[in-house]
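>>> got a sequence here, can you build the structure:
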Amino acid sequence: MIARNVYISQLQNFIDKPQVKIITGIRRSGKSTVLNLLKENLLRRGIAANHIIAINLESFTYSELTQAKQLYDFVRERIRDKARYYLLLDEIQEVEEWEKAVNSFLVDFDVDIYLTGSNSHLLSSELATFLAGRYIEIPVYTLSYREFLDFRTHYATKKEGSPFVSYLRKGGFPVIHTADYLEDDAYKVVYDIYSSVILRDTVQRYKVRDVELLERVIKYAFDNIGNTFSGKNVADYFKSQQRKVDVNTVYNYLNALEGAFILYRVPRYDIKGKEILKTQEKFYVSDVSLIYATMGFRDRMISGILENIVFLELKRRGYKVYVGKLDRREVDFIAEKRGGKLYVQVAYKLDSESTVEREFSHLLAIDDQYPKYVVTMDEFWKDDIEGVRHLYITDFLLKETL
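Reported below is the predicted structural model:
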């Protein structure tokens, strides 16, 4: 296994701390691997193997553990002394009312608990009721560009062209980069992941009745990556296609897709008014390969795809991300973390003076001293303008600090 140090280091900060550690992310993003790496870390720290209880709740071995009481009894039988035990419970959402079992573990035993889940609504009001103030979330994303290069070094046996083009076209699901997949074969693997997420984490979990409509909503969102839209826009689009759809149904489906980590919703932020706006959000996908696997690769989408890659990098680095509004201008991303802030414009190529003017002027109009970047695929044109930095996209993705 290749260590995904960014997540292990976050977990290490909370080992033996009283909070329940909840590792979230889309299926096959690497959550189970992170949990296995954590187990290895605990063993290296001298924790006895029989004091680490690791359960993969998707494994047939534990298929009888479907209720909170069954999980509680199973764990209780394996706690045989007063020393601390470490519970590593993978895909905890497979257990009904699991939060009751977890709360009981905290009450009855000396335990340090780590959970993974493939649905963001694990962190719901029900969970807050049982574990208020006693949990932290560690989101796991598909491979960053830096991690992709590590995987490429360890696993690739064939020479390819541009590493970034490979990353751009194949996405970041770890399984794709543990072998030399051709693009079409990679998309078949990703489509199987997508189908599993749709069925198990969306249709079944949210009791979606009209699966065909759900698929249409997904394709509308995928086709509009990088564009602002609302649930009403989607409903109006279907109406133009002679299909009447209730706008609340659209919002429910978008909410379910967020819950399954297929989509991320990004609100708009009024830079002058310093407030979050409630209309015309953007949605980005958890991995760009999901778009290709379901719709094929489309050159016209390249700007939105690059935005998506930059958005995920900002999220991996722990930023809260917004779409910026400044009068009639739009700033692709405002990213905030621990009192700091940065602004990012993303474009495919600065191939004309009007494009240069458009991309830079949006950032030059912001009157503060926070870092500002224009990120493109122009490899040779690197000039900065009045403090606004121009970076080739891989330079941005690999930059140690932003």
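>>> where's residue 308, which helix or strand?
Element membership for residue 308 (DSSP states H and E) is helix 302-316.
>>> which other helices and strands does that helix contact?
Here helix 302-316 touches helix 163-170, strand 263-270, strand 275-285, strand 320-326, strand 329-337, strand 340-346, strand 372-376, helix 393-398, going by 3 or more Cβ pairs under 8 Å, 6 or more residues apart in numbering; DSSP states H and E. No exception for glycine: its C-beta is placed from N, CA and C like everyone else's.
>>> the same query, at a cut-off of 6 Å, please.
In terms of contacts (3 or more Cβ pairs under 6 Å, 6 or more residues apart in numbering; DSSP states H and E), helix 302-316 is packed against strand 340-346.
>>> who are the packing partners of the next helix or strand after the strand it packs on?
As assigned by DSSP H and E, the chain's next helix or strand after strand 340-346 is helix 353-364. Applying 3+ Cβ pairs under 6 Å, 6+ apart, we find helix 353-364 packed against strand 340-346.
>>> buried set for the strand it packs on?
For strand 340-346, the neighbour count (16 or more other Cβ atoms under 10 Å) marks 341, 342, 343, 344, 345, 346 as buried.
>>> next one: stretch 271-279
Buried residues in stretch 271-279 (16+ other Cβ under 10 Å): residue 271.
>>> chain center to it, what's the gap?
Chain-centre distance of stretch 271-279: 24 Å, with Cα atoms, centre = their mean, to the nearest Å.
>>> export only the CA atoms of it, formatted as PDB.
Taking C-alpha atoms only, stretch 271-279 is exported to PDB below (Å, rounded to 0.1, in the frame of the first residue of the first chain):
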ATOM      1  CA  ILE A 271     -17.400  39.800  -2.100                       C
ATOM      2  CA  LYS A 272     -18.700  43.400  -1.600                       C
ATOM      3  CA  GLY A 273     -21.600  42.500   0.600                       C
ATOM      4  CA  LYS A 274     -19.600  39.800   2.400                       C
ATOM      5  CA  GLU A 275     -22.500  37.400   2.400                       C
ATOM      6  CA  ILE A 276     -23.400  34.000   1.100                       C
ATOM      7  CA  LEU A 277     -26.000  34.100  -1.700                       C
ATOM      8  CA  LYS A 278     -28.800  31.500  -1.800                       C
ATOM      9  CA  THR A 279     -29.200  31.300  -5.600                       C
END
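>>> which residues are in contact with it?
With contact meaning Cβ atoms under 6 Å, 6 or more residues apart in numbering, stretch 271-279 is reached by 267, 268, 269, 270, 324, 326.
>>> again, but for stretch 22-31
The contact list for stretch 22-31, computed with Cβ under 6 Å, 6+ apart, reads 115-118, 135, 137-140, 142, 173-175, 193, 196-197, 261, 286.
>>> do stretch 50-59 as well
39, 42, 62, 78, 85, 86, 87, 88, 89, 90, 91, 94.
>>> one more: stretch 230-238?
Under Cβ under 6 Å, 6+ apart, the answer for stretch 230-238 is 220, 245, 247, 250, 251, 280.
>>> of these, keep whichever come out buried.
Buried among the contacts of stretch 230-238 (16+ other Cβ under 10 Å): 220, 245, 250, 251, 280.
>>> export the residues you listed as JSON lines, with columns for secondary structure and pLDDT.
Output for the buried ones among the contacts of stretch 230-238, formatted as JSON lines (DSSP: H, G, I helix; E, B strand; the rest coil; pLDDT from 0 to 100):
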{"residue": "220", "secondary structure": "helix", "pLDDT": "96"}
{"residue": "245", "secondary structure": "coil", "pLDDT": "91"}
{"residue": "250", "secondary structure": "helix", "pLDDT": "95"}
{"residue": "251", "secondary structure": "helix", "pLDDT": "94"}
{"residue": "280", "secondary structure": "strand", "pLDDT": "84"}
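>>> among the residues you listed, which pair sits farthest apart?
245 and 280 (18.8 Å; Cβ to Cβ).
>>> related to what we said a few turns ago, now the helix holding residue 308: mean pLDDT?
Rounded to a whole number, the mean pLDDT of helix 302-316 is 97.
>>> count the neighbours of residue 231 for me.
20 (other Cβ atoms under 10 Å).
>>> and residue 355, by the same measure?
14.
>>> using a markdown table, lay out the contacts of stretch 230-238 together with distance to residue 110.
Formatted as a markdown table, those follow (distance: Cβ to Cβ, whole Å):
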| residue | distance to residue 110 |
| --- | --- |
| 220 | 50 |
| 245 | 52 |
| 247 | 50 |
| 250 | 48 |
| 251 | 44 |
| 280 | 50 |
